[in-house]
Structures are given as structure tokens and as C-alpha cells.
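>>> Need a 3D model of the following:
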Amino acid sequence: MVSPVKPWIPLDLAYPEPRFFKPWRRLWCDNRAMWTAALWGLAGGSSLVLGALLGLYAPLRKQWVALIMALGAGVLVSSVAFELMDQAFGEGGFDAASIGLLLGALAFFLGDLAINRAGGNTANAAPVNRRMVRRPPSCWVP
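Modelled structure (predicted):
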């Protein structure tokens, strides 16, 4: 290849590599998109580890745990709804997708209301089998 400025000079002589060339510079500059994606993935994955450590070692009240879990569930439901709405909009158009979304939200609301009125909003402990509680753990192993 020749230099665009002086076509009679080969490119490697027109722009020589400096003596202090660092090998990591070529790795970073040639693969900048890959490294950017890797750093964003590391940032996103570290939140999982940080959340696990906070959950294990930080004393949180039940209200805070409920708030964090509700936020996570809301984000999960909204991301699924976003993906499904995109597909529904592509196949059925705006009218069908929006009517389906509204009917689904109404069905969810009415189902949640029925569960709450039936007593589902109170915290009930799971039933415990008293025979299993009284036996020592060695009896559970065959």
C-alpha cells in the first residue's frame, strides 16, 4: 500500500510504528466494539453478584425486600410484554395488538382482585407435616 499524501512512499515508511508501541493498543483499537460490549456485560453481571452479596450479608427489612422483588418482577413482566407486543404488532397490526394488551391487563387486574378478596393477600405459612418435624434427620435418608 502507498501513502495517500505521497504516493511514491510505501505506507509503512510514511507512518512508521513508534518505538514505544504497546501491543495492547492494537488489541484495543482493532476490537473496540467487542471490548465495549464485554465491559457493559461485566457491569451488568456485577450487579447480580453485588445483589447476592447484599442479600446474604446486609440486614434488610421485609418491606425493602418486597419492594426490590416487586421492582424486579415488574421489569421482567414489562420486558416480556415488550417483546410480545412487538411480535403482535408485526403480525396483527396496531388495533389487534393494543386491544389484546388492554384485555390482558384487564384480565390480570380482575384475577389479582379476585385472589386478594379470597384472602390471597395475607401471608400464610406453608402447612408443616408434624411427623417430619419430630423425626431426626437420619430417618429421612433411606
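>>> Domain boundaries for the protein, per the record?
The chain breaks down by automatic domain parsing into domains covering 1-59, 60-115.
>>> Residue ranges in this protein under the pLDDT threshold?
1-30, 121, 123-142 (pLDDT under 70).
>>> sorry, back to before: most tightly packed of the domains of the chain?
Mean neighbour count (mean count of other CB atoms under 10 Å) peaks for domain 60-115 among the domains of the chain, with a mean of 11. All C-beta spots, glycine's among them, are computed from the backbone N, C-alpha and C.
>>> hmm, back to that, turn the domains of the chain into JSON lines, columns for distance to T122.
Compiled in JSON lines, the domains of the chain are given as follows (distance: least, CB to CB, whole Å):
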{"stretch": "domain 1-59", "distance to T122": "25"}
{"stretch": "domain 60-115", "distance to T122": "11"}
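>>> where does Y57 sit relative to L50, distance-wise?
Distance of Y57 to L50, computed by CB to CB, to the nearest Å: 11 Å.
>>> Now do the same for P59: helix, strand or coil?
What DSSP: H, G, I helix; E, B strand; the rest coil gives for P59 is coil.
>>> Quick check on it: phi, psi?
When read as degrees, to the nearest 10, the backbone of P59 gives phi -80, psi 120.
>>> That one and A70, how far apart?
From P59 over to A70 (counting by CB to CB), the distance is 20 Å.
>>> And for W64?
On the measure of CB to CB, W64 and A70 end up 11 Å apart.
>>> go on, L53?
Counting by CB to CB - L53 and A70 are separated by 21 Å.
>>> Quick check: what element follows whatever helix or strand L39 lives in along the chain?
Assignment of secondary structure by DSSP states H and E places L39 within helix 32-57. Once helix 32-57 ends, the next helix or strand along the chain (criterion: DSSP H and E) is helix 62-115.
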